[in-house]
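>>> Dropping a prediction and its sequence here:
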Amino acid sequence: MFAADVAPADRRPWRRALRKLWRRRGAMLGLAFVVFFVLLAILAPWLSPQDPLATSWSAVRKAPSAAHWFGTDEIGRDVLSRVIWGARASLLAGLVSVGISLAIGLPLGLFAGYVGRWPDALISRMTDAMLACPFLILAIALAAFLGPSLTNAMVAIGVAATPVFIRLTRAQVLSVKVEDYVEAARAVGNSHLRIALRHVLPNILPPVIVQGTLAIAAAVIAEASLSFLGLGQQPPLPSWGSMLNTAKNYVENAPWMAVWPGLSIFLLVLSFNLLGDGLRDALDPRQA
Amino acid sequence: MLRFLLQRIATIVPTLLFVSMLIFGLQQLLPGDPARVLAGEDQDPSVVAYLRAKLHLDEPLPVRYLYWLNGVLHGDLGESLRIQKSVLELIAEKLPVTLQLAVMAMMVALTIGVAMGILSAVKKDTVWDYAANVVALWGLSTPNFWLGIMLILLVSVNLGWLPASGFVSPFEDLAANLKSMIMPAFVLGNAIAAVLMRHTRSAMLQVLNADYVRTARAKGLEERVVVLKHALRNALIPIVTLGALEFGTLFSGAVLTEQVFSIPGFGKLIVDAVFNRDYAVVQGVVLFTATAYVGLNLLADLAYFLINPRMRG
């Protein structure tokens, strides 16, 4: 095919990827739900019908009704309001944790893959060691030693998820750094830092973005898991995981306490998984 | 074979060394004086002094690490401050319960995951394929502790078919044991079934397009024989090894599943240890899990080496 045959838009891989993403119904549905939850989290003070911390002894474990659409919990708090505010903890944990993983994993993976030799061997062995510890168990141990709080849970999840990003980035760098355009950049005398940041980094981003999206889904579940175990968001502040922790004691008498926070986690995680799957297909050059 | 084994062990040793540093390093995250923190709320001066001497806290950090590592290499993972038992003893006590749960969960995962993966690949782009993919996505996105609570609500509370929680030893009453473990095993196996389904599907799709499968069809063999005998046998090679690698997911999931169903296993041990500030137990459990994971990885590699003739070529 001649260069002139290629439509101008097709020469821009990002635009082409976005167009492909737009055509994927699953990914668009995922994106729509993610936007919905982001709006829910941002607009929580205005959308929430009641104060999520306000207790009412006259409305303990009330079934869903016109006054309380999602019912009330064991001390009379409005479940809908707590679900809306809980979106903040989940989204914050998902984004901050993955931000931490990327902030540590991307530079380390780039450095290991680009420099090679003993720094690569050292970083790779450290990565293997972290990967040997099951993700949630490592996060639990880190959260246990750091102390229970949402901030520490986010740090723990972020650190525990880092090795995946180091390994992925390193593998991508190894395949990109032998490409002709990197050789050319080296031949014209660019510094190593400039080559790594201007020529290698932009070309390894697509799989990192896909992994990042899927990692947000994993981080949301991990935060909910830590909160469920009592190591994340601390009561009385609302979090879907801690709501489920309480709800499991009342499943016989007040099942609604468990249904809504669980459904919210499921929908948010499903949305990020759908979006991640769609991005993977859209950014895969083999699927033209 | 021996060369391959030695090569793998050569990479495992430094990995385990880093694992030990990582786990020893966890203790350094404790705010303030570790001896006071580990001594609990009472901070009895005699206990603090005992811990200070036992943990060599007056020595420099690398020396403390070497003391700790020496203990670990001699099977001393520390002592539980709350239960007054060695960590190794506690792990040995709880491990069989979690192993039973893990094995049952893996059986659930393999049965559902492989069957759905085959169906999805054979019926590619049909309603069966889409349905299997939807089920897999559902499995990957459902937090297993929520699924556990919902199943308790449905199966135990509403239908009354299975006990909601608790554990009965198989040596006491095998039927009651299986009854108490079916639901937790399904919950735990659910997410892994989704992963196995995706891998089976992609492995089967690759194999179904291979020349030898086309030849088998050309010979006029029944489709069932082609799929199950010719295709699946080869597609299973990566899936078998993947099963071993899902061990980490199983143990992570077991922590939550055991919490929901009040099963006194390995997962519950670490959670109870966290809340009792029994840090030696937390460290011991992480170290044991990581070592077991590395060992299983090695076994998976060996299995792959033995099953796949091309690796031996």
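All right, it came through fine.
>>> Could you use CA atoms for every contact and neighbour count after this?
Fine.
>>> quick one: low-confidence parts of the stretch 51-200 of chain A?
The model of the stretch 51-200 of chain A has no residue with pLDDT under 70.
>>> tell me which parts of it are close to chain B?
A:125-126, A:128-130, A:132-138, A:141-142, A:144-146 (Cα under 8 Å from any Cα of the partner chain).
>>> any idea which element the residue lying closest to B:Ile270 once chain neighbours are set aside lies in?
Distances taken as Cα to Cα, 6 or more residues apart in numbering or on different chains put B:Val282 closest to B:Ile270, at 5.6 Å, once the chain neighbours are dropped. Counting by DSSP states H and E, the element that carries B:Val282 is helix B:279-307.
>>> So for that helix, mean pLDDT?
For helix B:279-307, the mean pLDDT works out to 84.
>>> what's the answer for stretch A:244-254, then?
Averaging pLDDT along stretch A:244-254 yields 93.
>>> so residue 52, which of the three states?
With no chain named, the answer covers chain A. Counting by DSSP: H, G, I helix; E, B strand; the rest coil, the backbone at A:Pro52 sits in coil.
>>> Chain A contacts on the stretch 201-313 of chain B?
Counting by Cα under 8 Å from any Cα, the stretch 201-313 of chain B sits next to chain A at B:248-249, B:251-252, B:255-256, B:260, B:271, B:274, B:277, B:279, B:282-283, B:286-287, B:289-291, B:293-294.
>>> and those residues, which are buried?
By neighbour count, with 16 or more other Cα atoms under 10 Å in any protein chain shown, these hold B:248-249, B:251-252, B:255-256, B:260, B:271, B:274, B:277, B:279, B:282-283, B:286-287, B:289-291, B:293-294 as buried.
>>> To what extent is the nearest residue to B:Val274 once chain neighbours are set aside buried, counted in neighbours?
In space, and not counting its chain neighbours, B:Val274 is closest to A:Ala144: 5.7 Å by Cα to Cα, 6+ apart. By the criterion of other Cα atoms under 10 Å in any protein chain shown, A:Ala144 has 27 neighbours.
>>> do B:Asp125 as well
Other residues lying near B:Asp125 total 10 when counted by other Cα under 10 Å.
>>> Then B:Thr126?
Residues near B:Thr126, counting by other Cα under 10 Å, number 11.
>>> Show residues contacting stretch B:148-155.
Stretch B:148-155 is contacted from outside by A:248, A:251-252, A:255, A:258-259, B:161-162, B:164, B:183-184, B:187, B:257, B:260-261, using Cα atoms under 8 Å, 6 or more residues apart in numbering or on different chains.
>>> Model confidence score at B:Gly313, please.
pLDDT, read off for B:Gly313, is 55.
>>> cool, A:Gly241 as well?
95.
>>> doesn't it fall inside a helix?
Yes. According to three-state DSSP, A:Gly241 belongs to a helix.
>>> Can you tell me, leaving aside adjacent residues, what's nearest to it?
Setting aside the residues directly before and after it, A:Gly241 is nearest to A:Ala224 in space (Cα to Cα, 6+ apart), at 4.0 Å.
>>> buried ones in the host helix or strand of A:Val259?
Per DSSP H and E, A:Val259 falls inside helix A:256-283. Neighbour counts over helix A:256-283 (16+ other Cα under 10 Å) mark A:256-283 as buried.
>>> What about chain B: which of those residues touch it?
Of the buried residues of helix A:256-283, the ones that also sit near chain B (Cα under 8 Å from any Cα) are A:Ala258, A:Val259, A:Gly262, A:Ile265, A:Phe266, A:Leu267, A:Val269, A:Leu270, A:Asn273.
>>> possible to save these as JSON lines with pLDDT?
Below are those laid out as JSON lines (pLDDT from 0 to 100):
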{"residue": "A:Ala258", "pLDDT": "96"}
{"residue": "A:Val259", "pLDDT": "96"}
{"residue": "A:Gly262", "pLDDT": "96"}
{"residue": "A:Ile265", "pLDDT": "96"}
{"residue": "A:Phe266", "pLDDT": "96"}
{"residue": "A:Leu267", "pLDDT": "97"}
{"residue": "A:Val269", "pLDDT": "96"}
{"residue": "A:Leu270", "pLDDT": "95"}
{"residue": "A:Asn273", "pLDDT": "93"}
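>>> For A:Leu231, see how far away B:Met116 is.
Look at B:Met116 and A:Leu231: by Cα to Cα, to the nearest Å, they are 36 Å apart.
>>> what does B:Asp173 give?
Distance of B:Asp173 to A:Leu231, given as Cα to Cα: 35 Å.
>>> Which one's more surrounded, these two?
A:Leu231 (27 against 10).
>>> tell me the contacts of the closest residue to the more buried one other than its chain neighbours?
Once flanking residues are discounted, A:Leu231 sits nearest to A:Pro148: 4.5 Å by Cα to Cα, 6+ apart. A:Pro148 sits next to A:Gly230, A:Leu231, A:Gly232, A:Gln233, A:Gln234 when contact means Cα under 8 Å, 6+ apart.
>>> quick one, phi psi at A:Pro148?
When read as degrees, to the nearest 10, the backbone of A:Pro148 gives phi -70, psi 120.
>>> Listing request: residues of chain B with sub-threshold pLDDT.
Applying pLDDT under 70 to chain B flags residues B:308-313.
>>> Can you spell out the domain ranges of it, please?
With domains defined by automatic domain parsing, chain B comprises B:2-79, B:95-275.
>>> Out of these, indicate the one that is most buried.
The highest mean neighbour count among the domains of chain B, using mean count of other Cα atoms under 10 Å in any protein chain shown, belongs to domain B:95-275: a mean of 20.
>>> now that one, how far from the centre of its chain.
In terms of Cα atoms, centre = their mean, to the nearest Å, the centre of domain B:95-275 is set 12 Å apart from its chain centre.
>>> Equivalent analysis for stretch A:56-74, please.
That offset, for stretch A:56-74, works out to 32 Å (Cα atoms, centre = their mean).
>>> And stretch A:37-45, by the same measure?
17 Å.
>>> what's the answer for stretch B:26-35, then?
Put simply, stretch B:26-35 sits 28 Å off its chain's centre (Cα atoms, centre = their mean).
>>> Next one: that stretch, is it in contact with chain A?
Yes. With Cα under 8 Å from any Cα as the measure, stretch B:26-35 is seen reaching chain A through B:Leu26, B:Gln27, B:Leu29, B:Leu30, B:Pro31.
>>> Now the third one: which helix or strand?
So the one you mean is B:Leu29. Using DSSP H and E, B:Leu29 falls outside every helix and strand.
>>> tell me the contacts of it?
A:Phe145, A:Leu146.
>>> tell me which parts of the stretch 1-150 of chain B are close to chain A?
Taking Cα under 8 Å from any Cα as the contact definition, the stretch 1-150 of chain B meets chain A at B:14-16, B:18-19, B:22, B:26-27, B:29-31, B:137-138, B:140-143, B:145-146, B:149-150.
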